[in-house]
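>>> below are the sequence and a predicted model; questions follow.
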Amino acid sequence: MSDTLFTKIINREIEADIVYEDDTVLAFRDIAPQAPLHVLVIPKKPIEMLARAGEDDRDVLGHMMLTAAKVAADEGYGDAFRLAMNNGEKAGQSVFHMHLHVLAGRAFEWPPG
Ligand code: AMP
């Protein structure tokens, strides 16, 4: 997989507003926020999309979920947040480095659009 925008953010070649980082994941504010809180949680391993993740990525995937909950809580939205992951272009994915959207701070529709 060639370097995506998000790999460049991990490598500090592109600036981002980073809210959490450890050896496995990075979380930063979305540049075009769709809610008062809109953070992206990405694995440092460049997995293209969820459908390309394998059994050996179980821990990374779990860690992304737990990080999303931690970020929401740290930002004051621990009780009400929405997670979204677009898998594939037809589902709305535009950056092909798997990422979890963490959204909070407004009402959300169900079912999602
Ligand atoms: P998706 O459409 O699910 O692939 O989500 C990609 C997200 O990346 C969008 O919500 C964009 O607003 C966001 N995005 C694109 N470029 C940047 C950037 N340089 N820094 C932060 N977020 C970005």
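That came in fine, so what should we check first?

>>> show me the contacts for the nearest residue to residue 4 once chain neighbours are set aside.
Distance criterion Cβ to Cβ, 6 or more residues apart in numbering; nearest residue to residue 4, sequence neighbours excluded, is residue 97 at 4.2 Å. C-beta here means a position set from N, CA and C on the backbone, and glycine is covered the same way. Contacts for residue 97 (Cβ atoms under 8 Å, 6 or more residues apart in numbering) come out as 1, 4-7, 42, 46-48.

>>> so residue 97, which of the three states?
coil (DSSP: H, G, I helix; E, B strand; the rest coil).

>>> just the ones of the contacts of residue 97 in helices?
Counting by DSSP state H, the contacts of residue 97 place 5-7 in helices.

>>> those residues: which ones sit near the ligand?
residue 5 (Cβ under 6 Å from any ligand atom).

>>> looking at the ones in helices among the contacts of residue 97, which is nearest residue 105?
Distance ranking of the ones in helices among the contacts of residue 97 against residue 105, using Cβ to Cβ, places residue 6 first at 23.1 Å.
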